[in-house]
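In: generate coordinates for the sequence data below:
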Amino acid sequence: MGFNMIYFKKSENVIEKYVVEIDKEKIEPLQEEIIDNCSEIIHREEEYEDDIFERSVYPCYDVRNIECERIDTQQYFDKTVNTYRYTFDEYVHPYLLDIYRRLKEEDPSALDELYNFLNVEVILEDLKKKIKEYEEIIVRNNRFNWMASVKRKELLDEVKEVERRYGNIDKNKPYIEKILNCITFKLIDSVSLDKVEEVSNFFELDDLVVYRNNKTKMKTRNIV
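Out: Modelled structure (predicted):
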């Protein structure tokens, strides 16, 4: 048994409908590989009193290579408090792991995010081109342009977010390819964009089809 879902893709002047099948046996082992080989590893040395580390850190974070030594003991009335120094490695899981889990939950939007990893350079180039355009508007006006400055700031923040999410492509790319090797697409139907627009106009629907990175997903609302 595997996982399957419906996925819509824009191809030239048509929207194609696919059944996406994910091989469960092939994809299951990839979770630990992604965690072990794509996580950011942060070495930490911190002090905790009594069992705080065991109660609040160890259950909530992926921590490994833990070493502990008692460095202090204090008596407070009828209570003894021990202080320990912990050294450990924290594994900060990559965004790719979130996409992997969403695929197993049969979320079609995870496929778009997976392809974003492969297109991250194009995405960043497009964002930086837009930033340059707003910078040119500011210079041409020869004065402070509030709206252009706001848009430029928003785009700069978006660049940082894209780099944070998809930045380490060298680490992630082998596992993106392994995930894609677990996926098969079966075309089951297609419809012209003209027909989609006709149906959208007939039902007076807003954004019947949302395009994103040349992919599509259907959005409808109830008609009363």
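In: tell me the contacts of the residue positioned nearest the centre of the chain?
Out: The residue lying closest to the centre of the chain (CA atoms, centre = their mean) is Tyr95, at 4.4 Å. Tyr95 is in contact with 165-166, counting by CB atoms under 8 Å, 6 or more residues apart in numbering. Using the backbone N, CA and C atoms, a C-beta is placed for each residue, glycine as well.
In: use 733 as the first number for this chain going forward.
Out: Shifting the count to begin at 733 puts that one at Tyr827.
In: Glu867: which element?
Out: Using DSSP states H and E, Glu867 maps to helix 852-873.
In: pLDDT on the helix or strand following that helix, on average?
Out: Using DSSP H and E, the next helix or strand after helix 852-873 towards the C-terminus is helix 878-898. Here helix 878-898 scores 88 as its mean pLDDT.
In: just stretch 783-800 next, same as before
Out: The model assigns stretch 783-800 a mean pLDDT of 95.
In: verify the contact between Ile754 and Leu835 for me.
Out: Yes. Contact criterion CB atoms under 8 Å: Ile754 and Leu835 qualify, at 6.2 Å.
In: between these two, which is the more surrounded one?
Out: Ranked by neighbour count (other CB atoms under 10 Å), Ile754 and Leu835 place Leu835 first, with 23 against 17.
In: wait, is that one part of a strand?
Out: No. Judged by DSSP: H, G, I helix; E, B strand; the rest coil, Leu835 forms no part of a strand; its state is helix.
In: before we move on, the earlier item: mutual contacts of Ile754 and Leu835, please.
Out: By CB under 8 Å, 6+ apart, the residues touching both Ile754 and Leu835 are 735, 915.
In: and Tyr793, what does it touch?
Out: Glu822.
In: any idea how far stretch 853-873 is from the chain center?
Out: 24 Å (CA atoms, centre = their mean, to the nearest Å).
In: buried sites along it?
Out: Across stretch 853-873, burial judged by 16 or more other CB atoms under 10 Å covers 855-856, 859, 863, 866, 870.
In: any idea which element Tyr739 lies in?
Out: Element membership for Tyr739, per DSSP H and E: strand 735-743.
In: quick one: list the elements packing against that strand.
Out: On a contact count with 3 or more CB pairs under 8 Å, 6 or more residues apart in numbering; DSSP states H and E, strand 735-743 meets strand 746-754, strand 941-944, strand 947-950.
In: cheers, nothing more for now.
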